[in-house]
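K.L.:
Fold the following.
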Amino acid sequence: MYVPAHFDESRIDVLHDAMRRSGLATLVTVSPDGPMVSHVPMLLDTAPAPYGTLRGHIARANPQWKDLVAGVPALAIFMGPDAYISPALYPSKKQNSKVVPTWNYVAIHAIGPVTFFEDPDRLLKIVTGLTERHEAPRREPWAVSDAPADYVQSMLRAIIGFEIPIARLEGKWKMSQNQPAENRTGVAEKLADDGGRGGAEVAAIVAERTK
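P.N.:
A predicted model of the protein is given here:
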């Protein structure tokens, strides 16, 4: 990922927090025929240091777990808040019309060797962990144990687990840092009311990084 210095985020705790907040990640591997991609939720374990380990599962019918080029690492992509940035948000537009639209976003790339497995106990641990994580905010959380045990086992036979010990972790917070202070302030103050998707979240990040 191309990361200019002013967009770089390398603090591991910040990256881990953003990865946990991301609901859906993208798993990219390389097959003899080219890239293969799946969109799946993942669990982050902070061990081993410094970057941790990712775990998740894909459908057994998905050929991605079989069609791998040996020695080529996997890539897991996590996206955070993003929003379109109109030149109209820049106060400098009034003095100089040399402004163009752009997009602000948070992106994290985790790279490492991937191992796929079929062990039902490991799969159950992953499924349970993902369920507890995403059910936690609900008033009446559903639990894996709410389903019949034989049914759960049949569902586990339909999936394949994966594990990625993270060897490299890259973070990009593109949040108007390349703009003069007045334009960053304009984005922070006006974006939330601009009507676009993700504006409030991105405006808050721009404001925090403008301090």
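
K.L.:
Number of residues surrounding residue 61?
P.N.:
Counted with other Cβ atoms under 10 Å, residues neighbouring residue 61 total 9. Backbone N, C-alpha and C define where each C-beta goes, glycine included.

K.L.:
Could you do the one 10 residues further on as well?
P.N.:
Using other Cβ under 10 Å as the criterion, residue 71 is surrounded by 7 other residues.

K.L.:
Secondary structure element holding it?
P.N.:
If you go by DSSP states H and E, residue 71 is not part of any helix or strand.

K.L.:
Please report how far it lies from residue 141.
P.N.:
Separation of residue 71 from residue 141 (Cβ to Cβ, to the nearest Å) stands at 41 Å.

K.L.:
Neighbouring strands - and their directions - for the one helix or strand residue 104 maps to?
P.N.:
Taking DSSP H and E as the definition, residue 104 sits inside strand 102-112. Taking DSSP bridges as the criterion, strand 102-112 sits next to strand 74-85 (antiparallel), strand 168-174 (antiparallel) in its sheet.

K.L.:
With mean neighbour count as added columns, please give those strands in JSON lines.
P.N.:
What follows is the strands paired with strand 102-112, written out as JSON lines (neighbours: other Cβ atoms under 10 Å):
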{"stretch": "strand 74-85", "mean neighbour count": "21"}
{"stretch": "strand 168-174", "mean neighbour count": "19"}
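
K.L.:
now for the ones you listed, which one comes closest to residue 184?
P.N.:
strand 74-85 (10.6 Å; Cβ to Cβ).
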